[in-house]
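Visitor: Give me a model of this one.
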Amino acid sequence: MLTIISDTNYLCTNYIPLFFSSSAKKESFLFFDIETTGLNHKNSFLSMIGAAVPKEGAIKLYQFLAEKETPEEEQALLLAFTDLCREKTGFIHFNGSTFDLPYLRHKYREYAMDCPLENKGSLDLYRELRPLSTLFPLPDFRQKSLESLVGYKRKDRLNGKELIKVYHSYANSGNSSEKELLLLHNHDDVEGMLALTALGVILACLRGQFTLEHTESLQSKTLDNQILQEILFRLLLPAALPVPLSFSKNGAYITIQENICKIKMPLLEGTLKYFYPDYKNYYYLPMEDEAVHKSVGIYVDREYRENAKASNCYKRISGFFLKAAGSPSLPLFKESYEKKEIYIQWSEDFRHSTSIQEEFLKSFLSS
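Guide: Sure, this is the predicted structure:
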């Protein structure tokens, strides 16, 4: 078995707490990725294990490569990985829940060895980052596609099938150039995972882990000379993205640069309806086109009132509105009962309350 130890410039220790509880130790986690000659553990060979370990403010990358396709080499890989896993409490991988973890468990069982992954924490970046699939126009949700979001540039050009052919050839010949190709592919897989942890900044933002720093009203003119009014929210995030990212969702334009997130939303002017939830306690007044509580409506002549229904139990409000999402505990407005879109009023209370604005943004982002 060949062991290669190297350093990496991708320091992910600032991002790991975004995926785990704040009490978790940054040094107690291990990133890993395996290379095999097939998908079925019964008739394929474990050719390499790559792992990255936070250590003393740096990241060490370990690669264990089987030099021959023999049971002895496979066992040596498993033993080396076990030693590296000692005192580690969590394991980070990309789609390892589907392949890497079951494969390793079967291999350890095959050789009657204790699996170091049992009863330990496990974080699958594929599953954790899945909510981002609706935000960015990616061709697929493979690791290589996600790496483009954080600016990680691979040197490796091999795909899975090519890698298997190269390994078979290397195991027979010991060719050094083929060995370098194998090591490079695994190196980029592991280092690419380290780079992907930066996307935890976006997840943290969507979970409401931010501080609202500033809110600003903007005005501009459209191409047809109409006045466009917008609200700009500036948020402070718990960590910095290595590259700027932007996306649009639910009518908002969102940009993240370093640890600053800016959310720009159009401010809509018009008349919307606030629907009272307890419509059985209201009368609808057709002449006024709104509902009043029965304690007040009882004084209106019967011919000018009727029992309210859910669809007409509303009060009309004119002013400025922001499109909302989720379930904020704020008064919500709609164009009509049938419409799904909801809005909140850009009122004096909303304008001057940081806590209300944060509640609105957390609900919007979490949706």
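Visitor: Figure out the helix or strand that residue 330 lives in.
Guide: In this assignment (DSSP states H and E), residue 330 forms part of neither any helix nor any strand.
Visitor: any idea where the helices of the stretch 201-350 of the chain begin and end?
Guide: Assigned by DSSP state H, counting those that start in this stretch, the stretch 201-350 of the chain shows helices spanning 294-297, 348-351.
Visitor: Select, out of those helices, the one closest to residue 280.
Guide: helix 294-297 (8.8 Å; Cβ to Cβ). Every residue, glycine included, has its C-beta placed from N, CA and C.
Visitor: contact partners of that closest one?
Guide: 281-283, 285, 305 (Cβ atoms under 8 Å, 6 or more residues apart in numbering).
Visitor: filter those to the buried ones?
Guide: Taking 16 or more other Cβ atoms under 10 Å as the criterion, what is buried in the contacts of helix 294-297 is 282-283, 285, 305.
Visitor: elements contacting the helix or strand in which residue 188 is found?
Guide: Using DSSP H and E, residue 188 maps to helix 176-196. For helix 176-196, the elements it packs on are strand 2-8, strand 29-36, strand 46-55, strand 58-65, helix 143-147, helix 160-173, judged by 3 or more Cβ pairs under 8 Å, 6 or more residues apart in numbering; DSSP states H and E.
Visitor: For residue 339, which of these is the nearest?
Guide: For residue 339, the closest of the helices and strands packed on helix 176-196 is helix 143-147, at 35.4 Å, according to Cβ to Cβ.
Visitor: hang on, the earlier thing: closest one to residue 254 among the helices of the stretch 201-350 of the chain?
Guide: Here helix 348-351 is closest among the helices of the stretch 201-350 of the chain (Cβ to Cβ), at 19.7 Å.
Visitor: in the following helix or strand past that closest one, what's buried?
Guide: Note on helix 348-351: by DSSP H and E, the next helix or strand toward the C-terminus is helix 354-366. By 16+ other Cβ under 10 Å, the buried positions in helix 354-366 come out as 356-365.
Visitor: a markdown table for these, including distance to residue 91 and pLDDT?
Guide: Below are the buried residues of helix 354-366 laid out as a markdown table (distance: Cβ to Cβ, whole Å; pLDDT from 0 to 100):
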| residue | distance to residue 91 | pLDDT |
| --- | --- | --- |
| 356 | 41 | 93 |
| 357 | 39 | 95 |
| 358 | 35 | 95 |
| 359 | 36 | 94 |
| 360 | 38 | 94 |
| 361 | 34 | 95 |
| 362 | 31 | 94 |
| 363 | 33 | 94 |
| 364 | 34 | 94 |
| 365 | 29 | 93 |
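Visitor: Among the residues you listed, which one sits closest to residue 195?
Guide: Of all the buried residues of helix 354-366, residue 195 sits closest to residue 365, with 23.4 Å by Cβ to Cβ.
Visitor: Check the burial of residue 40 by counting its neighbours.
Guide: Neighbourhood size, residue 40 [other Cβ atoms under 10 Å]: 9.
Visitor: mind checking the SS state of it?
Guide: Three-state call for residue 40 (DSSP: H, G, I helix; E, B strand; the rest coil): coil.
Visitor: Surely residue 109 touches residue 118?
Guide: No - using Cβ atoms under 8 Å, residue 109 is not in contact with residue 118, being 10.6 Å away.
Visitor: Please identify which of the two sits among more neighbours.
Guide: Taking other Cβ under 10 Å, residue 109 and residue 118 do not tie; residue 109 has more neighbours (12 against 8).
Visitor: what's near enough to touch the closest residue to that one other than its chain neighbours?
Guide: Leaving aside its chain neighbours, residue 109 sits nearest to residue 115 (7.3 Å; criterion: Cβ to Cβ, 6 or more residues apart in numbering). Residue 115 is in contact with 104-105, 108-109, counting by Cβ under 8 Å, 6+ apart.
Visitor: Pick out the most distant pair among the buried residues of helix 354-366.
Guide: With distances taken as Cβ to Cβ, the most widely separated pair in the buried residues of helix 354-366 is 356 and 365, at 15.1 Å.
Visitor: Residue 138 in helix, strand or coil?
Guide: Judged by three-state DSSP, the three-state class of residue 138 is coil.
Visitor: In space, what's closest to it - neighbours in sequence excluded?
Guide: Excluding its sequence neighbours, the residue lying closest to residue 138 (Cβ to Cβ, 6+ apart) is residue 145, at 4.7 Å.
Visitor: I'd like to know how far that neighbour sits from residue 192.
Guide: Distance from residue 145 to residue 192, counting by Cβ to Cβ, to the nearest Å: 11 Å.
Visitor: swap in residue 233?
Guide: Taken as Cβ to Cβ, the span from residue 233 to residue 192 is 32 Å.
Visitor: any low-confidence regions in the stretch 1-150 of the chain?
Guide: In the predicted model of the stretch 1-150 of the chain, residues 21-27 satisfy pLDDT under 70.
Visitor: quick revisit: between the buried ones among the contacts of helix 294-297, which sits nearest residue 42?
Guide: residue 282 (68.8 Å).
Visitor: what's across from that closest one in the sheet?
Guide: Beta-bridge partners recorded for residue 282 (DSSP bridges): residue 293.
Visitor: Distance of it relative to residue 173?
Guide: 84 Å.
Visitor: Residue 227 now?
Guide: From residue 227 across to residue 173, the span is 72 Å (Cβ to Cβ).
Visitor: List the contacts of the residue lying closest to residue 62 once chain neighbours are set aside.
Guide: Nearest residue to residue 62 in three dimensions, chain neighbours excluded: residue 51, at 4.9 Å (Cβ to Cβ, 6+ apart). By Cβ under 8 Å, 6+ apart, residue 51 lies in contact with 30-33, 61-63, 81, 84, 190.
Visitor: Any chance of the contacts of residue 115 in a markdown table with secondary structure as columns?
Guide: As requested, the contacts of residue 115 are arranged in a markdown table below (three-state DSSP):
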| residue | secondary structure |
| --- | --- |
| 104 | helix |
| 105 | helix |
| 108 | helix |
| 109 | helix |
